[in-house]
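sequence first, then the predicted structure, then my questions.
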Amino acid sequence: MTISKPDWVTEGIDLNRPNPARIYDYLLGGHHNFAADRAVADRLAETRPHVKIATVCCRAFVRRAVNVITAEGVEQFLDIGSGLPTVGNVHDLVHARRPQARVVYVDVDPVVIAHSSQMLDDEPYVTIIEADVRDPASILEHRETRDLLDFSQPVGLMMTSLLHFIVDDDLAYRSVEILIDALPTGSYVAVSHAWLSAGSRESFAEMTESYKPAASSRPRPRASIARFFDGLELLEPGLVAPQFWRPEEPDDPFLDDPDAIRVLAGVGKKP
Ligand SMILES: C[S@@+](CC[C@H](N)C(=O)[O-])C[C@H]1O[C@@H](n2cnc3c(N)ncnc32)[C@H](O)[C@@H]1O
C-alpha cells in the first residue's frame, strides 16, 4: 500500500513499522500515527480495555511532576524519551510559570526529532537532540545540552514512560546512575515505569507480545523500579500508580481503582 507522507515524516522512515512514540501518541488521542501504530495500540486495548485513559493518566503525572518541580524553583529541564509533541509539552508547562526556563528534549526516534524540531523553530530556550538514554555521555556532552543547561544549577530530569524500553538491567541502571551523578544538589528526577505485579504478570505477557513489532519492553517489579531512585529522596507520596501522585480533582480517573494502571511513578530530589 502506498501511504502519502506528511511533512513531519523524514526520508527513510518505514510507516508500516509500528513505533512506540506514535503508538503513545495514538493512545493519547493525537494525530501523528499510522495504521501500523494504531493496530498495535488496538491490540493492547484488547488486553487492557482502558489503556487509552490510563495513558492520559500517565501524561497527567508528567504535568503534575513538572509543575511541582517548577514550583520548587527549577528553571531547566532535561526530558529524555520526550515523545511526540502533545497537549502539555514540558516546555509549555514550564514556560507558563518561568518564561525563560530552558528545556532540552532527547529522543531516539527520528520522527519525534523531525516533528519536535518544527514545533521548536521559534523557541530560543528549547531544543531537541537525537540521542539514546543508553549512552548518557552523548546526552550530557552534547553541544546543545551544554549550551542550554547549566549543571551547576538544579535540573529537572524527566524519564517518564521510558525506562521499561531499556530491557537490559545493567544498562538501564548504569545509564540512570550516570545521569543522576551529573546533576547538582537540589535537582529532581521524575520516573514512571510499567509495573510488573503479581496480578499483572499474565496481562503483561500478552501486552509485551502485542508490543513486540514496535519495541521490546520490560515491565519491572516495584523494588526494581525503586532502584532507579537510589541516592534520591522520594517526594510524597512516594512511588505510586500515577493517578495517586498528587491528584488534583476528586474525580480524576481511577482514583477508586488502584489496580487500573500497571505503572509506578515518583519524583526524587537529589540531596
Ligand atoms: C511512551 S513515550 C513517552 C513520552 C513522554 N516521556 C511521556 O511520558 O509522555 C516513550 C518515548 O521514549 C523514546 N525512547 C525509547 N527508547 C529510547 C532510548 N533508548 N533513548 C531515548 N528515547 C527512547 C521513544 O521514542 C518514545 O518517544
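Noted; the coordinates are in hand.

contacts only, for Asp14.
For Asp14, the contact set (Cβ atoms under 8 Å, 6 or more residues apart in numbering) is empty. Placement of C-beta: from N, CA and C, glycine included.

quick check: which element contains it?
Using DSSP states H and E, Asp14 sits within no helix or strand.

cool, the one 4 residues further on as well?
With elements delineated by DSSP H and E, Pro18 resides in a region that no helix or strand encompasses.

now it: closest residue in space that isn't a chain neighbour?
Nearest in space to Pro18, with sequence neighbours left out and distances taken as Cβ to Cβ, 6 or more residues apart in numbering, is Ala214 at 4.0 Å.

what does stretch 140-154 contact?
Where contact means Cβ under 8 Å, 6+ apart, the residues beyond stretch 140-154 that reach it are 72-76, 78, 102-104, 125-127, 129, 131, 139, 155, 178-179, 182-188.

ok, now stretch 40-48?
If you take Cβ under 8 Å, 6+ apart as the criterion, stretch 40-48 is touched by 18, 23, 26-27, 33, 51-52, 54, 203, 206-207, 210-211, 213-214, 262.

quick one: buried ones out of those?
Burial by neighbour count, 16 or more other Cβ atoms under 10 Å: within these this picks out 18, 23, 26-27, 33, 51-52, 54, 207, 210-211, 213-214, 262.

now for these, which pair is the farthest apart?
Greatest spatial distance in those: Asn33 and Arg262, 22.4 Å, computed using Cβ to Cβ.

tell me which parts of the stretch 1-150 of the chain are close to the ligand?
20-21, 24, 59, 62, 80-83, 106-109, 112, 132-134 (Cβ under 6 Å from any ligand atom).

show the buried residues in those residues.
Buried, going by 16+ other Cβ under 10 Å: 20-21, 24, 59, 62, 80-83, 106-109, 112, 133, out of those.

check which residues of stretch 249-256 are buried.
By 16+ other Cβ under 10 Å, the buried positions in stretch 249-256 come out as 253-254.

ends of that stretch, how far apart?
Across its full length, stretch 249-256 reaches 12 Å between end residues, using Cα to Cα, to the nearest Å.

check contacts around Glu72.
Glu72 is in contact with 154, 188, counting by Cβ under 8 Å, 6+ apart.

then Leu232?
Counted by Cβ under 8 Å, 6+ apart, Leu232 has contacts 180, 189, 268-271.

by neighbours, which of those residues wins?
With neighbours taken as other Cβ atoms under 10 Å, the top of the contacts of Leu232 is Val189, carrying 26 neighbours.

select the longest helix from the protein.
Selection of the longest helix in the chain by residue count, based on DSSP state H, yields helix 51-71.

the helix or strand following it: partners in the sheet, and parallel or antiparallel?
Note on helix 51-71: by DSSP H and E, the next helix or strand toward the C-terminus is strand 76-80. Here strand 76-80 is paired, per DSSP bridges, with strand 102-107 (parallel), strand 156-160 (parallel).

and Arg143, how far from the ligand?
Here Arg143 is placed at a distance of 18 Å from the ligand (Cβ to the nearest ligand atom, to the nearest Å).

need the strands paired with strand 76-80 in CSV with mean pLDDT and distance to Ala45, can you?
Below are the strands paired with strand 76-80 laid out as CSV (pLDDT from 0 to 100; distance: least, Cβ to Cβ, whole Å):
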stretch, mean pLDDT, distance to Ala45
strand 102-107, 97, 24
strand 156-160, 98, 21
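
just send the ones you listed back as TSV, with distance to Phe228 too.
Shown next, in TSV, are these (distance: least, Cβ to Cβ, whole Å):
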stretch	distance to Phe228
strand 102-107	17
strand 156-160	8
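
who wins for proximity to Arg227 among these?
Comparing the strands paired with strand 76-80 by their distance to Arg227 (Cβ to Cβ), the top pick is strand 156-160, with 13.3 Å.
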